[in-house]
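1. turn this into a structure:
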Amino acid sequence: MGFPRLEATIAGKSYGFLLDCGAAYTMISQNVLDEWAKAHPEWPRATGAVGAPNMGVPMEVGLEVIRVPQMLLGPLQLRAIGMVARRKGIFEDRMSPAMTGPIAGAIAGNVLRNYRVQIDYAEGATYLEKIGNPSPNANDLDVVGLILQPGPDGSFTVLGVAQKDGKPVVEGIEKKDRLLKIEGRDVVGKTLQEVLQSLQGKPGEIRHLVLEREGKPVTIAAPVVHLL
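-> Have a look, this model is predicted:
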């Protein structure tokens, strides 16, 4: 199918990955994430695809995210890589048959953003050229932990709130609330990426949000948290 396949080493084991230059955040099968969680309980984890992993679909409320301390990609040593889970079988059963070998996930924008990617199909090779800081951003999920869904009218509905250590990272926000303003600025009509960027910051900072619940405005002082 023309999908490039790379192999990466994580915790001493090799995994096949789809090279996905169109996705914002690296993905991993829930099967593999469960194995890592059992073998490496110290690796930071949380529930809820917030920030860059948030693509605006309901399933993201229950997706796990994990921070992998190191990944070897050819000669490259990449550290503190965030990954978001995809349900069991997506990569193993659906995607792997279209590849040259089994895959467990997809390497995406948070890893590739500071590289120029060149794919040589004839030689079966992929080249990555550094064009910036080569390490993924270990603070890329420092954010107000909302999972949002854009609507056809330009509005944004809260699908859920991320959880860390079994507790929601934002209090007072409910599913189906409509996000209207961040720091006094309207968000209706903005892109999902613009809204997510407005929710990022340094842990401990406060974002003042105005939401609509059952036709009435609700004001929330929501903290930026270091999710992973």
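2. so which bits of stretch 16-34 are buried?
-> 16-20, 23-33 (16 or more other Cβ atoms under 10 Å). Quick note: C-beta positions are derived from backbone N, CA and C, even for glycine.
3. make that stretch 169-180, sorry
-> Those would be 169, 170, 173, 177, 178, 179, 180, for stretch 169-180 by 16+ other Cβ under 10 Å.
4. give me the element the second one is part of.
-> Read it as residue 170. Using DSSP states H and E, residue 170 sits within no helix or strand.
5. bridged to residue 16, which residues?
-> residue 7 (DSSP bridges).
6. so what's it up against?
-> 5, 6, 7, 96, 99, 101, 102, 103, 104 (Cβ atoms under 8 Å, 6 or more residues apart in numbering).
7. follow-up on the earlier one: tell me which of the buried residues of stretch 16-34 fall in strands.
-> Counted as lying in strands by DSSP state E, out of the buried residues of stretch 16-34, are 16, 17, 18, 19, 27, 28, 29.
8. identify the farthest-apart pair in those.
-> 19 and 29 (16.2 Å; Cβ to Cβ).
9. is it possible to get TSV of the ones in strands among the buried residues of stretch 16-34 that adds distance to residue 148?
-> Putting these into TSV (distance: Cβ to Cβ, whole Å) gives the following:
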residue	distance to residue 148
16	32
17	27
18	26
19	27
27	19
28	22
29	25
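10. now those residues in JSON lines, with pLDDT and distance to residue 210?
-> Formatted as JSON lines, those follow (pLDDT from 0 to 100; distance: Cβ to Cβ, whole Å):
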{"residue": "16", "pLDDT": "97", "distance to residue 210": "45"}
{"residue": "17", "pLDDT": "97", "distance to residue 210": "41"}
{"residue": "18", "pLDDT": "96", "distance to residue 210": "40"}
{"residue": "19", "pLDDT": "95", "distance to residue 210": "41"}
{"residue": "27", "pLDDT": "98", "distance to residue 210": "33"}
{"residue": "28", "pLDDT": "98", "distance to residue 210": "35"}
{"residue": "29", "pLDDT": "97", "distance to residue 210": "38"}
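11. from those residues, which is closest to residue 50?
-> Among those, and counting by Cβ to Cβ, the member closest to residue 50 is residue 27, at 14.9 Å.
12. which residues does the closest one form a beta bridge with?
-> Beta-bridge partners, per DSSP bridges, of residue 27: residue 84, residue 106.
13. now do the contacts for it.
-> Taking Cβ under 8 Å, 6+ apart as the test, what residue 27 contacts is 20, 83, 84, 85, 86, 91, 105, 106, 108.
14. verify the stated contact: the first one with residue 108.
-> So the one you mean is residue 20. Yes: using Cβ atoms under 8 Å, residue 20 makes contact with residue 108 at a distance of 4.8 Å.
15. can you pull out the low-pLDDT segments for the chain?
-> For the chain, applying pLDDT under 70 flags the ranges 134-136.
16. kindly recompute the last result at 90.
-> 1-3, 21-22, 74-76, 113-114, 124, 130-138, 153-154 (pLDDT under 90).
17. tell me how it divides into domains.
-> 5-130, 142-226 (automatic domain parsing).
18. so how far is the longest one off the chain centroid?
-> Taking the mean of its C-alpha atoms, domain 5-130 sits 10 Å from the chain's own mean (Cα atoms, centre = their mean, to the nearest Å).
19. can you tell me the SS state at the residue nearest to the spatial centre of the chain?
-> Of all residues in the chain, the one closest to the mean position by Cα atoms, centre = their mean is residue 53, 2.5 Å from it. Under DSSP: H, G, I helix; E, B strand; the rest coil, residue 53 falls in the coil class.
20. residues contacting it?
-> Here residue 53 is in contact with 24, 25, 60, 63, 65, 82, 84, 141 (Cβ under 8 Å, 6+ apart).
21. brilliant, that's me finished.
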